[in-house]
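Visitor: Give me a 3D structure for the following:
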Amino acid sequence: MLSFIRNNVALIGWIIIIFFSGTLFTTSVFFGKNYNENKESKNISELLTQSAATYGNKVFISNQQFRSIVNYYDNQRNKMHPQNIELAKYQQFLALSNQAIIQSFARESDYKINQKEIDVELDQILISQNLKDKKELKSKLKENNIQYKQFINSIKNSIKQDKFIEDLQSNIHVSNSDVENKYTELKISHILLEVNDSKLAPSQNILANEVYKKVRKGGNFSKLAIKYSDDPSVKNNKGNLGWVSYGQTVPDFQDVAYTLEEDEVSKPFLTEFGYHIVKLNKKRSKVKPKDFNLENEKETMLKEKKELAIQEFLTKFVKSNKLEIFDDELNAIHAKVNRNLELALGFYQKIISKNPNDPLPNFYLAQIFLFQKKNDLALQELEKGDIKAELSPNLDFKEIHYELYKIYKNKKLKANAINQLDKIYALTDNDISTLKDLKEKYDDMKKDDMKKEIEKKIVEIETKLKEEKKKKEVSNAEEAKNKELISKKVDD
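Guide: Numbers count the residues shown, from 1 in each chain. Predicted structure coming up:
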């Protein structure tokens, strides 16, 4: 489960269409005031008290926004796996962070917004939301406790963000040779001299040039790679990276590699990883698809490059500004993502002390203990969560009972295991996959009466679904027939 969180909406109301439409931030949510747009009117200490996190006290992620996301997903606990819930929360936090970073830079830029640009945005909103005019829009805003002036300011900021993103992407082009490179693979070797600290850059640059001179004088590239390269894989591959496709490496590395001829060695160049010396051993062409179209390829690649430009900007900002998190739950998830399980345990304990009735933090604690092979501690947390779920049924969820069922079954505690299956069944509505799984588990427990009851329920649900499907097919057929009759009348 922990590896899943590492590797891998009702909140989004009718108002979302305004913000970041058609941009990177398709998951952005509008919760009222733009948090970063009023930064000038607040001092740093005030902003920090209202923040879930901050990047170097330059960009602030609203605690109100993040808690709204948390509350939404917590209410999905019996519809989503708890690990999926945490993953969704973290992904939404990252989306909020991206949004806040772009907002901050766009706000500080000197873009001028004219009334025509605002009117164009307003017209699009009226059309997309089926609103007659500004009067109806203002009424809708009032229902959502949003002032019209505040709404217009948000539109202005949205336009600024679009302009900022356009500037980020303004120098991006795709040539015919870029497309050819996409269908060309390179067999390359490299020597990496890491620069983990900017203070080391000058000395590593000098060393890189010295190594380059050795190569130019006929030095064996593989032997020099083994001696000097900081790439962890060099012991096994002697610096040979094998065949590399276009888009597989960071852009700075790719730009150099694809300019080389066979057997040519590059001069030392810097990427985010350090100084590289690259040798092109061979190149070969890939077969283009039958429906290959040069202009379509260029258009697709241009879109990809533009998205990459935004991501590179965000990555650079995040790497150069310390992330400080103030929300306990976000800290716990962030710690797990970064494999600091002991730190995560501490934050989950804090969450439990603040929310003693919620079984969800106990489940997360148990997951960590199970991962650490501390099964007795995991069982303690799961049983605490089970008791809490009994006292607060609205906070109950199936996964805690699945985990207890597995543990009790392994311990040969049949009655306890069946009790947990009963609790899962009580939480299951018409989910056929869950019901089928329960049927198998009751069968395994020799609980024939429950097995038969579930079999009967599955038949009832499947029969109902077939009837509904048949009704829909009949309805669609009648609708198609009516359309055909109307079409004939119009033709006549």
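Visitor: okay, now Gln349: neighbour count?
Guide: The criterion is other Cβ atoms under 10 Å. On that basis, Gln349 has 14 neighbouring residues. Placement of C-beta: from N, CA and C, glycine included.
Visitor: Just give the closest residue to it, not the sequence neighbours.
Guide: In space, Gln349 comes closest to Leu365 once its chain neighbours are excluded; the distance is 7.6 Å by Cβ to Cβ, 6 or more residues apart in numbering.
Visitor: residue contacts, the one you found?
Guide: Going by Cβ atoms under 8 Å, 6 or more residues apart in numbering, Leu365 touches 345, 348-349, 352, 378, 381.
Visitor: And those, which of them are buried?
Guide: A residue is treated as buried here by neighbour count (16 or more other Cβ atoms under 10 Å); on that basis the buried members of the contacts of Leu365 are 345, 348, 352, 378, 381.
Visitor: I figured the last one hits Phe363, correct?
Guide: Yes. Checked against Cβ atoms under 8 Å, the pair Glu381 and Phe363 is within contact range at 7.4 Å.
Visitor: which residues of the stretch 201-350 of the chain fall in strands?
Guide: Taking DSSP state E, counting those that start in this stretch as the test, the strands found in the stretch 201-350 of the chain are 240-244, 269-271, 274-285, 323-325.
Visitor: Go through these and name the closest to Lys149.
Guide: Shortest separation from Lys149 across these is recorded for strand 323-325, at 32.5 Å, computed as Cβ to Cβ.
Visitor: which helices and strands does the closest one pack with?
Guide: Using 3 or more Cβ pairs under 8 Å, 6 or more residues apart in numbering; DSSP states H and E as the contact definition, the elements that strand 323-325 packs against are strand 51-55.
Visitor: What helices and strands are in contact with the strand it packs on?
Guide: Judged by 3+ Cβ pairs under 8 Å, 6+ apart, strand 51-55 is in contact with strand 59-62, helix 63-74, helix 82-108, strand 323-325.
Visitor: most packed of the ones you listed?
Guide: Between the helices and strands packed on strand 51-55, strand 59-62 has the highest mean count of neighbours, a mean of 24, where neighbours are mean count of other Cβ atoms under 10 Å.
Visitor: Run me through the strand neighbours of that strand, direction for each.
Guide: Looking at strand 59-62 with DSSP bridges, its partner strands are strand 51-55 (antiparallel).
Visitor: Buried by neighbour count: which residues of the partner strand qualify?
Guide: Of all the residues in strand 51-55, those buried under the rule 16+ other Cβ under 10 Å are 51-55.
Visitor: which residues does the residue nearest to Leu96 when sequence neighbours are not counted form a beta bridge with?
Guide: Closest residue in space to Leu96, ignoring its immediate chain neighbours: Ile61 at 5.3 Å, by Cβ to Cβ, 6+ apart. When bridges are taken as DSSP bridges, the partners of Ile61 come out as Ala53.
Visitor: Distance-wise, check the nearest residue to Lys336 once chain neighbours are set aside relative to Lys156.
Guide: Sequence neighbours aside, Ala344 is the residue nearest to Lys336 in space, at 4.7 Å (criterion: Cβ to Cβ, 6+ apart). When Cβ to Cβ, to the nearest Å is applied, the distance between Ala344 and Lys156 equals 41 Å.
Visitor: repeat for Glu468
Guide: Using Cβ to Cβ, Glu468 is found at 48 Å from Lys156.
Visitor: Please apply the same query to Ile113.
Guide: Using Cβ to Cβ, Ile113 is found at 5 Å from Lys156.
Visitor: and what of Gln115?
Guide: 10 Å.
Visitor: swap in Ile102?
Guide: Here the criterion is Cβ to Cβ. By it, Ile102 lies 14 Å from Lys156.
Visitor: what about the helices in the stretch 151-300 of the chain?
Guide: When secondary structure is read from DSSP state H, counting those that start in this stretch, the stretch 151-300 of the chain shows helices at 176-182, 201-216, 221-228, 234-237, 251-257, 294-320.
Visitor: Include mean neighbour count and mean pLDDT when you put those helices into a markdown table, please.
Guide: Shown next, in a markdown table, are the helices of the stretch 151-300 of the chain (neighbours: other Cβ atoms under 10 Å; pLDDT from 0 to 100):
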| stretch | mean neighbour count | mean pLDDT |
| --- | --- | --- |
| helix 176-182 | 16 | 93 |
| helix 201-216 | 15 | 93 |
| helix 221-228 | 17 | 94 |
| helix 234-237 | 13 | 90 |
| helix 251-257 | 18 | 92 |
| helix 294-320 | 14 | 92 |
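Visitor: closest to Ile387 out of those helices?
Guide: In this view, the helices of the stretch 151-300 of the chain are compared for proximity to Ile387 by Cβ to Cβ, and helix 294-320 is the closest at 41.1 Å.
Visitor: Tell me the bridge partners for Ile191.
Guide: The partner list for Ile191 in beta bridges (DSSP bridges) reads Ile277.
Visitor: Was I right to think it contacts Val211?
Guide: Yes. Using Cβ under 8 Å, Ile191 makes contact with Val211 at a distance of 6.1 Å.
Visitor: which element follows the host helix or strand of the residue nearest to Gln349 toward the C-terminus?
Guide: Using DSSP states H and E, Leu365 maps to helix 360-371. Moving toward the C-terminus from helix 360-371, the first helix or strand encountered (DSSP H and E) is helix 375-391.
Visitor: related to what we said a few turns ago, next, the contact list for the residue nearest to Leu96, please.
Guide: Ile61 makes contact with 35, 51-54, 93, 96-97, 100, according to Cβ under 8 Å, 6+ apart.
Visitor: Pick out the most distant pair among the residues you listed.
Guide: Tyr35 and Phe93 (13.4 Å).
Visitor: what about Glu468 and Lys156, which has more around it?
Guide: Lys156 (18 against 10).
Visitor: What's the separation between that one and Lys446?
Guide: 68 Å.
Visitor: just Lys388 next, same as before
Guide: The gap separating Lys388 from Lys446 is 30 Å, by Cβ to Cβ.
Visitor: These two: which is more packed in?
Guide: Neighbours per residue, other Cβ under 10 Å: of Lys388 and Lys446, the larger number sits with Lys388, 22 against 9.
Visitor: mind listing what the closest residue to that one other than its chain neighbours touches?
Guide: Here the nearest residue to Lys388 in space, its sequence neighbours aside, is Pro359; by Cβ to Cβ, 6+ apart that works out to 4.1 Å. Taking Cβ under 8 Å, 6+ apart as the criterion, Pro359 is in contact with 384-386, 388-389, 392, 395-397, 400.
Visitor: how near is Pro359 to Ser392?
Guide: With distances defined as Cβ to Cβ, the gap from Pro359 to Ser392 amounts to 8 Å.
Visitor: and if you look at Thr184?
Guide: Separation of Thr184 from Ser392 (Cβ to Cβ) stands at 61 Å.
Visitor: returning to that earlier point: dump the helices and strands packed on strand 51-55 into TSV; add distance to Glu166 as well.
Guide: Putting the helices and strands packed on strand 51-55 into TSV (distance: least, Cβ to Cβ, whole Å) gives the following:
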stretch	distance to Glu166
strand 59-62	21
helix 63-74	25
helix 82-108	11
strand 323-325	27
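Visitor: Which one's more surrounded, Thr184 and Ser392?
Guide: Using other Cβ under 10 Å, the more surrounded residue of Thr184 and Ser392 is Thr184, with 15 against 12.
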